[in-house]
Structure formats: C-alpha cells, structure tokens
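>>> Quick one, structure for this:
(chains A and B)
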Amino acid sequence: MSVPENRTNGTPKIGVYICHCGINIANKVNIKETVDFAAKLPYVTVAKEYKFMCSDPGQELIQQDIRAGLIDRVVVASCSPLMHEATFRNATGEGGANPFMFQMANIREHVSWVTFDKDAATVKAKALIAAAVHRVSLHRPLEQTRVPVHPDVLVVGGGIAGIHASLTLANAGKKVYLVEREPTIGGHMAKFDKTFPTLDCSACILTPKMSAVRAHPNITLWTYSEVVGVEGFVGNFKVKVRRKPRYVDEDLCVGCLECIEACIFKKGKFPDEFNQGLSQRKPIYIPFPQATPLVAVIDPETCAHFKTGKCKKPCADACQPGAVKFDQTEEIKEVAVGSVILATGFKAFDAARVGRYGYGKYPNIYTSLEIERLVNAAGPTGGELKMADGRKPKSVGIVHCVGSRDNNTNAYCSRVCCMYSLKLAHLIKERTEAEVYNFYIDMRTPGKGYEEFYERLLKENVHFIRGRVAEINDWAMIDEEKGHLIIRVEDTLIGRVRRVPVDMVVLSVGLEAQPDADAVRRLFNISCSHEGWFLERHPKLAPVSTFTEGIFLAGACQGPKDIPDCVAQAGAAAAEALALIDKGSVELEPNTAFVNEEVCAGCHTCLNVCPYGAISYIKEINKARVNGALCKGCGTCVAACPSGALQQNLFTDEQIMNEIKGVMNHV
Amino acid sequence: MSDTAHKTDGFQPRIVAFFCNWCTYTAADLAGTARMTYAPNVRVVRVMCSGRLDPQFIMEAFRNGADGVLIGGCHPGDCHYQAGNYKALRRYILLKRVMKEMGIEEGRFRLEWIAASEGDKVQRVINEMTETIRKLGPLHLEPVNIPATAHVQVGTDKAAVAARGGVS
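All right, here's what the predicted structure looks like:
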C-alpha cells in the first residue's frame, strides 16, 4: 500500500464517513466491508457509517470527531458533490476545521445507482473512497473571497414570466432591465383570447401588468432589443444589449397612429406577425392596440424608403411630435447587473412538419394559435370564426398532440394542449354552435379546476374521440363527405377506424424550445436538455436555478408550462434573485490559480491560454502573476505551464495525482 | 441495460475517467439519478474543466495500472470556461501520438464531448469503452526507447516506464 506524500500539513488525521442514504447506497454497496477497508487506508483515524450523513445527527458525527481532536480532515462517501459538497464543507467548518479540508466520494450517482452487481459496486466504492482519502491528505486550508453583489437585475424576455419577475423585483425596490426582442412585451399570452379553465380574458388580466411595467420607475424597458454579450460572474455581470433601430423615437411617439394612416401603402400588405400572418400590416405599424410601449415601429424589410429610397416619407410628415426618424441607428447599451432571469419562452410547433395533417395544403386547417387570433375580438376577423369561403363552420375537429408525444417530432407531452383544446372547443361552440370533435390520445388535465373544466365540456356536448389522428385530407368516399375535410382516426374506445368529415380543423400544436435557445444558452453559459429547454440546476430542489450561479430561469424556456406555472416560477426566480441581492455578497469558490514565483521562468505560456486575461506578466521580476478576482478556476493555465509553477487551489497537480493513485492502487 | 453492465466474470478492465465539472460530471450524475446501469469499470476523477488535464495525469493513470483513460468534456462551443475543451482536444491529439509510440492501443484512450443532459451518452460510452478494452485485454507496456530528440516531457522517466510493464 503506497502512502501518499504529504509535505504541507504534518501528519493528517482523516475521518471517513460512509453514508447508507437509506437503502440507496446500502442496497448495492457492502457498507461494513467498505468501512473496514477505509479504516485501513493511510492516515485514516476514524471510519464510520451512518444512515443519512446529510442529516443533523450525521453532520454532528463529523463535528464531534473534529472537536475531540480525532480528525483534522474529512471524507464523506455519499452522493454527488454537486448535491451536498456545500453541506459537508459547512459541517467541517462548524466542527472547527477549515471547510476545505474535505473531499467527497460519489458512491451513489456514480456507483450504487448505476451498477448492477453488488460486489462490483463495492469494489468501485472502495476505489473512490481511497481516491478521496489520498486526495484530502494533501488538502490545504483555504479562504473564500467575498465579492459584492450588484443589486440590479436583468430579465430577458417580456412574456408573462418576464413581466411577473420584473414587477416582483421592481416592487421590492430593485432596479430591473427588461429586454424583449419584439417591438412590444406581452409574449404569447397577449395573443390568447381566453385562459383556461377560468375563461377570463387573457388581455384583460395581462395588459394591466404590461402597463405597470411601462410605468414602473424601477423598470427600464428595452423592447426591440437583444442581449448580445455577457461577461462576468455571479453578482457582477456586464451585459451588452443591442437596441435595434425602430426608426421611431420612443420618447416622442404618442401612439396616435397618424403615421400609419399616412403611409404610402393605403392598406396592409405584409403578414402581420402578431396575428400569425392572418392579416396584413403596413411597413409602419403598432403590433396591437395595447402594445407596450405604444410606439410605432418601421420594418426596414418592407418599408419603401428603405427598399427603394424613393418614398416621400408621408409618415414623417404626419407625425406632429416628429418622432419618425429614418436616420436612427442601432445602439449598444452596457449595463452592470448582479443576477439574470431568463424568461425567453417557447415557440409553437410548426404544424407543416406533420405533412399528413395537411396544414398549408387545405385552407380550413388552422393551428391553435391561429384560432386564438380568429376567435379574439381584437383579432383579424373581429372574433368571428369563418371558413375560407366566409361560411360559419358547422363542424370542427380539434386534433391533439400535434408535435407532442410523437417520436417523429417531440417525444414529450407539451402539457398545455389538452387544456387549451378544451378551451378552444368551448369558445368555438359558443361562437359558432358547431359540432366539435376532440381527437385525443389521453386527456391530461391535472391542475386546479382543470378536470372540472373537462367535465363541463363533456356536458356541453363536445365529442371526444380517443385515438391519434392518422391523416387529414379531402378525399371524399361518399356523398356526405364531399366538400369536407376528412379526419381518419382509429377510435380506440370502440376499436374501429373512423372517417370524420368536418368543415374546419384545429391542430393543437405543442411547445418547442426557441430556435435560438442554443445561442442564448451559450451567451449565458448555461446548459440545455437535448430538446433545447434550459436545464435547471435540480429538477426538484433547484427548479429555477442553473449551473451558473446568479442566472435563473422562469417560464416556458425551461420546459412547457401553462400560465399559472410560468407566473409561479417567475415569482420563484425573482425571490432567488432577491435573496442574492439582499445577502449583499457572494463567496467565491477558492479554486483560483496561483504562481509559485520561485519556479516561474516567465515564459508567457499561461498568458496566452487564459480566457479571462487574469494572468499578467510582471516585467521587473520576469514572472507571471494571477489576478484572483478575474480567475474563474478552470485550471487551463496550470495544465499548460511547462515548469509546474502554476497551481490551482483545490486542484493542485499533486492532489489530482494522489487521487489517481488512490483510485487505482487499493482494490 | 447491456451485457457489459452485468458481466462479472473474466477480465475487468480498470478505466480512469477525467470528467469536467460542468458537463460530463453532471451528465454522469444524471445517469445515476435516472438509474442507467452501466459497466462498473470506470472511476471518475472530477476536474473543473477538461482544459485542466495535464498530460501527466493520463500518464500517471496508465502508470498506476489503468487499462484505459477516458476524458469527458463539454461539446465544442459549450465550455463553461469558453475554450478549455479545445485545449484538451489539442493535448489529446498530441498524446494519442505519444501513446501509439508507447504501444498503447487506440481504444484505450478516448475523448468524448458529453453535455450535462446526456446521461445516456455516459452510459453508452462507458459500456463501449469497457467492451473494447475487455477485448484488448490487460495493458502490458513494454519499456520503450524514446529518442533523445523527442520533446515530450512525459514518458521519459525510465523507472516509470518499467513500472508500467509490470502492471496488469
């Protein structure tokens, strides 16, 4: 048995504590054998087992042994350090030792939960414990540096989640920068007609909050803007925001619409994004009457002035305050914030991707989002649901799970479609008295009042057919089918294939991650799940945190969710940001690099590899020096240093070397 | 679950894995949480970034009897520290050449980009690598003569090279 070298701390006294984690570890790993093994490892003076090391009595075990002078450093073999490292460092510190005289062996996530054979699991657990013991024998006391937290917060995305988070923070007296890339805030919720299951008017409950954002003295609202750069770390981010030119001065525009009236295009000519392209807008427009800010915007892609340079610019003449400014250019704003809330939302599934449902091929097939606009009193038809030929539909089929629960598109359930399909069924029946058929795989209605709403729809004589729709076309086989869309489906309740002729089809499209979610996540240095949703730190216990400290998630950017869940999550994200601000400072992981000047030859290698410019060359003494405030602790310079002069706290060469020896040499 | 994960008889390779804290270590945790059973042959050493990996660590693992070494880092463009994984890649390519010179078969040394959400990839890569090395058998290193002109710091320690030969 090799004995780890120890040059820094005298003779170490190591306590090893092996956790059963109830039966999570004990079921696979032979705890007794492991404790006996640990007791024989070099420098180990105490080896104990306990049912739950993370519990108070478990932590007390460690503290007692430190106080009794039995140990001066600690190994806990339990779960992942990403789970409980902080807990046990804290316990080590409370016991009176330096918190960094601690190392964790991950024998749950990396052993008991992934290993089939009990003996193999025990062998692997022993190896990891030996590695931790070897490593901790070379640990040195470290001090954490504290840095102040900037009290301002950046919120990205002005949908309901971003709005709610911004207002919560602003009401608590914090300064918020709310960045939205569209010309107005409101997000998807602004497009909805009613919300389930209460059927309250979406705009009526949303627009007061939008106005509150606009009016709040603590909120700086930047619409038509995008975050283009993020630097720094928790408490101290520097963010660059690009404000796209809207060619209308926000401070001067009063939202009077005169410019839009005056435009050389007498009628709308270009697809109106807010109405899902179901109506046309002019090149100068305001997305919808309650847009916030209520400021016109000129789309340079369609504006005659920008396209040809020959327009007489009547819009500018019509504007009394002189707000139309064709010479506006983009502006880059730089702000310092301490925390960030990402609320960038979702994108509705593109129904054309399921070709057999005929979207884009037949005129009377709509997506659910289009229907939201068509039944909306402020929508392109004033709330009248009409077919392409102007008739009222007599029968409407609502097809669930388009782009959800489908291995060809998205395997996951989008969570909101069953409920909004029920809502649309109710609204369509109310507006048109048509027969409404819901084609569903399973009805998923968990939520307060949701199942009751489903019950209500059943009583409203809406038809429910259980089965995934195979195909939608207009190939009539009998006279009754002529002139109709035919929905082919296997009705799994009666066990027969059916052909249901309808006048109109609604495709209940699922929710997808934003197409640029990947770019956004890279900008903010966070992770995505493979579907593109932003990854939370822990699915249950840290659902709004990310692996990057100081960056929080709210709303559907983290996964499909309905409005109540978005709002709840936005409140939670705001609370996390508030906790960070009110704490006033953060402790940084003391894993920075440092230079042993006696060894450094001044070769400059490290200067070139550091991504943060944290290393400088001191000419007078011909040595490199690390600025601890800038160093993030990646250790790249340490690996690059040819002389071994650079070392990384918590990850010194000899600590890692010893860990390798430990992991290999004892079993 | 694959056979590799269940195999308890015969040669059990020992593989040292260096996983970066932010992507691959997290992915391995996720594999655990999702109870994805895989071969018990890999022991993970956590580093903050794959860019921290000094070629000496890989050599040290082989010197101490590892039959394989696996490096796991964030996908290109995803590095928590901007570009540490690119540095790891460069060192890996260089090291592979050194390994070849030393008679270490290609399948014993592997670099994989595994994102925090790819628990299934951890499972797959570990099973694959275990299976590959099982076929290759234990690593026996013959002492090699490194030309005096080779500017490779690692591997010049003759005692260390001799020690490698004795390990199985």
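>>> can you pull the contacts of residue 45?
Because you didn't say which chain, this covers chain A. Residues in contact with A:Thr45 (Cβ atoms under 8 Å, 6 or more residues apart in numbering or on different chains) are A:13-15, A:70-71. Every residue, glycine included, has its C-beta placed from N, CA and C.
>>> wait, I meant chain B there
A:131, A:656, A:659-660, A:663, B:16-19, B:57.
>>> again, but for A:Asn591
A:633, A:635, A:648-651, B:48.
>>> Let's see that with 7 Å instead.
For A:Asn591, the contact set (Cβ atoms under 7 Å, 6 or more residues apart in numbering or on different chains) comprises A:633, A:648-651, B:48.
>>> Make a PyMOL selection of the buried ones in these.
The PyMOL command for the buried members of these (criterion: 16 or more other Cβ atoms under 10 Å in any protein chain shown) is given here:
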select buried, (chain A and resi 633+648+649+650+651) or (chain B and resi 48)
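>>> What is the end-to-end distance of stretch A:217-226?
Stretch A:217-226 has an end-to-end distance of 22 Å (criterion: Cα to Cα, to the nearest Å).
>>> Please read the previous query as pertaining to stretch B:13-24.
Calculated as Cα to Cα, the first-to-last residue distance of stretch B:13-24 is 21 Å.
>>> about what we covered before: same list (the contacts of A:Thr45) but as TSV, adding neighbour count, secondary structure and distance to chain B.
As requested, the contacts of A:Thr45 are exported to TSV (neighbours: other Cβ atoms under 10 Å in any protein chain shown; DSSP: H, G, I helix; E, B strand; the rest coil; distance: Cβ to the nearest Cβ, whole Å):
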residue	neighbour count	secondary structure	distance to chain B
A:Lys13	18	coil	24
A:Ile14	26	strand	18
A:Gly15	27	strand	21
A:Leu70	13	coil	27
A:Ile71	26	coil	23
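>>> Quick check: of those, which lies closest to A:Val123?
Ranked by distance to A:Val123 (Cβ to Cβ), the contacts of A:Thr45 are led by A:Ile14 at 20.9 Å.
>>> So, low pLDDT: which residues of chain B?
B:1-2, B:142-168 (pLDDT under 70).
>>> Equivalent analysis for chain A, please.
The low-confidence ranges in chain A, as defined by pLDDT under 70, are A:1-9, A:667.
>>> how about it, which residue sits the furthest from its center?
A:Asp479 (51.5 Å; Cα atoms, centre = their mean).
>>> would you list every one of the helices in the stretch 101-250 of chain A?
Along the stretch 101-250 of chain A, counting by DSSP state H, counting those that start in this stretch, helices occupy A:118-136, A:160-171, A:202-215.
>>> residues in contact with the second one?
Defining contact as Cβ under 7 Å, 6+ apart, one finds that helix A:160-171 is touched by A:153, A:155-156, A:176, A:178, A:185, A:187, A:189, A:206, A:209-210, A:212-213, A:216, A:218-219, A:341, A:343, A:554-555, A:563, A:566-567, A:569-571, A:573-574, A:577-578.
>>> Quickly note the distance from the nearest residue to A:Arg146 once chain neighbours are set aside to A:Thr87.
Residue nearest to A:Arg146 in three dimensions, not counting chain neighbours: A:Ser585, with 4.6 Å by Cβ to Cβ, 6 or more residues apart in numbering or on different chains. The gap separating A:Ser585 from A:Thr87 is 21 Å, by Cβ to Cβ, to the nearest Å.
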